[in-house]
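Peer 1: I would like to see how this sequence folds:
(chains A, B, C and D)
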2 protein chains.
Amino acid sequence: MPQSKVDDNQLLDKLTDVFRLHGYEGASLSTLSEATGLQRASLYHRFPGGKEEMAQAVLSRADDWFVSHVLAPLSEAGEPAKRVKQMAQRLDKFYNSGKFSCLLDSLSLSDTTNAIQQHVERSFTAWLEAMTGVASEAGASTAVARRRAADALVQIQGSLVFSRVTGDGRPFKRVLTSLPELLTGNDE
Amino acid sequence: MPQSKVDDNQLLDKLTDVFRLHGYEGASLSTLSEATGLQRASLYHRFPGGKEEMAQAVLSRADDWFVSHVLAPLSEAGEPAKRVKQMAQRLDKFYNSGKFSCLLDSLSLSDTTNAIQQHVERSFTAWLEAMTGVASEAGASTAVARRRAADALVQIQGSLVFSRVTGDGRPFKRVLTSLPELLTGNDE
DNA sequence: GTCTATAGCTTGATAGAC
DNA sequence: GTCTATCAAGCTATAGAC
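Peer 2: A predicted model of the protein is given here:
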């Protein structure tokens, strides 16, 4: 029963918003403090490592959530194409129909620390491998499965950039719809 | 015959590198000074508006270069698919085979000014319209042409993000190869 | 046109009261 | 666990000599 003003989940939600929106350098302690309602010193009490630890915590929690809520359907039973369709539905929620940028994009500029860049790359690769797996199960050779997974990730990331710049989320929706065929070679 | 240490083109080259790599907030005056070999005060002499004017100048010159060197083939004579192939070759040089990030991505986070965000959106839209034009000439309806252009831009931007995060430039190369068919519905 | 020097503010981070 | 107060270092920007 903590005497916290905000519990860890609420706190990380707010921090995530700021990093997603402003990137690493753009997310100042003032901004983070204002968004969370906690003073700078209180943030340091929760995250002794300061801003970098906040970013790492945000990334870690996003990883966990992503694996258990978005990628989970990929390793369940059933038709590969149906599993991908499930993932696409989760992606639509996760990225709020394209209105949310991807943390991995926002935190991948060279204004971050090496540790964060490596974290981003690992998360990216994990996603890639999960999609490679389902493409393989759908009958693709290893090489083809890898290529399909990369193409899928390219289209997801690209449509999120498109949406951020233009405000038009239709390409993101289109990408989600095409994912099952793109990954498995099968419409359903 | 200027007594400048660096001419405008060299100067903007260096500034461009920094903004592309570090984003807006990540590009500090110290970094920009170091990259260009000019002291802070000298940069202010060239760009009285400071950092924002530098970013605007970088964007404007990138626009000019992009229109005249990359998009130019799209409005020349010849088969639409061949013109797209030309653009793809120029893109490969412009983005150094995917090793360069896109300025429009790097400068599109919310750590920039409104003016810069609007500039980025205009540049993005101009590119979109140029590709919409060639898709139309290839016989697509307005709606289809717009969709194809958006999909092309999605794949280009996505493959550049992919390349930045993983260091693997193959998806970018693949996207360039597929552009003629993607935009015109024709392999060549 | 470039420089050194500096102003004034914001940054990330810490100390210590409650 | 949160706060106020503070620090040194960084930031953007300016003044003025050469």
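
Peer 1: how far does stretch A:179-188 sit from its chain's centre?
Peer 2: 21 Å (Cα atoms, centre = their mean, to the nearest Å).

Peer 1: what comes up buried for it?
Peer 2: A:179-180, A:182-184 (16 or more other Cβ atoms under 10 Å in any protein chain shown). Bear in mind the C-beta positions are built from the backbone N, C-alpha and C, glycine included.

Peer 1: reformat those as a markdown table; add pLDDT.
Peer 2: Shown next, in a markdown table, are these (pLDDT from 0 to 100):
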| residue | pLDDT |
| --- | --- |
| A:179 | 98 |
| A:180 | 98 |
| A:182 | 98 |
| A:183 | 98 |
| A:184 | 98 |
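
Peer 1: next, count neighbours for the closest residue to DNA strand C within chain A.
Peer 2: Nearest residue of chain A to DNA strand C: residue A:50, at 2.4 Å (Cβ to the nearest atom of the strand). By the criterion of other Cβ atoms under 10 Å in any protein chain shown, residue A:50 has 12 neighbours.

Peer 1: how about the one 10 residues further on?
Peer 2: For residue A:60, the neighbour count with other Cβ under 10 Å is 13.

Peer 1: from residue B:60, how far off is it?
Peer 2: Separation of residue A:60 from residue B:60 (Cβ to Cβ, to the nearest Å): 40 Å.

Peer 1: now do residue A:37
Peer 2: Applying Cβ to Cβ to residue A:37 and residue B:60 gives a distance of 40 Å.

Peer 1: ok, residue A:185 touching residue A:140?
Peer 2: Yes. If you go by Cβ atoms under 8 Å, residue A:185 and residue A:140 touch, sitting 6.9 Å apart.

Peer 1: common neighbours of the two, please.
Peer 2: Residues touching both residue A:185 and residue A:140 (Cβ atoms under 8 Å, 6 or more residues apart in numbering or on different chains) are residue A:148.

Peer 1: now the strands for chain A?
Peer 2: For chain A, applying DSSP state E gives no strands.

Peer 1: circling back to that earlier point, contact partners for the residue of chain A closest to DNA strand C?
Peer 2: residue A:44.

Peer 1: okay, it and residue A:109: tell me how far apart.
Peer 2: 19 Å.

Peer 1: do the same with residue A:120
Peer 2: 10 Å.

Peer 1: over to residue A:146?
Peer 2: 26 Å.

Peer 1: more neighbours, these two?
Peer 2: residue A:109 (25 against 18).

Peer 1: what sits against residue A:163?
Peer 2: Contacts for residue A:163 (Cβ under 8 Å, 6+ apart) come out as A:98-99, A:169, A:171-172.

Peer 1: not counting sequence-adjacent ones, nearest residue to it?
Peer 2: Excluding the flanking residues, the one nearest residue A:163 by Cβ to Cβ, 6 or more residues apart in numbering or on different chains is residue A:98, at 3.9 Å.

Peer 1: what's the pLDDT at that neighbour?
Peer 2: At residue A:98, the predicted lDDT confidence score is 98.

Peer 1: thought it was touching residue A:174?
Peer 2: No. Using Cβ under 8 Å, residue A:98 is not in contact with residue A:174, being 10.1 Å away.

Peer 1: which residues do the two both contact?
Peer 2: With Cβ under 8 Å, 6+ apart, residue A:98 and residue A:174 have common neighbours residue A:159.

Peer 1: tell me which of the two has more neighbours.
Peer 2: residue A:98 (23 against 16).

Peer 1: now do the contacts for the residue found closest to residue A:131 once you drop the neighbours it is linked to in the chain.
Peer 2: In space, residue A:131 comes closest to residue A:149 once its chain neighbours are excluded; the distance is 3.8 Å by Cβ to Cβ, 6+ apart. Neighbour list for residue A:149: A:128-129, A:131-132, A:135, A:183 [criterion: Cβ under 8 Å, 6+ apart].

Peer 1: so which pair among those is furthest apart in space?
Peer 2: A:129 and A:183 (12.8 Å; Cβ to Cβ).

Peer 1: from the contacts of residue A:149, which land in helices?
Peer 2: Among these, DSSP state H puts A:128-129, A:131-132, A:135, A:183 in helices.

Peer 1: of these, which is the nearest to residue B:105?
Peer 2: residue A:128 (19.4 Å).

Peer 1: touching, the closest one and residue A:154? I think so.
Peer 2: No. Between residue A:128 and residue A:154 there is no contact under Cβ under 8 Å: 10.4 Å.

Peer 1: higher neighbour count, the two?
Peer 2: When residue A:128 and residue A:154 are compared on other Cβ under 10 Å, the one with more neighbours turns out to be residue A:154, at 25 against 19.

Peer 1: I'd say residue A:51 and residue A:27 touch.
Peer 2: Yes. Using Cβ under 8 Å, residue A:51 is in contact with residue A:27, at 7.3 Å.
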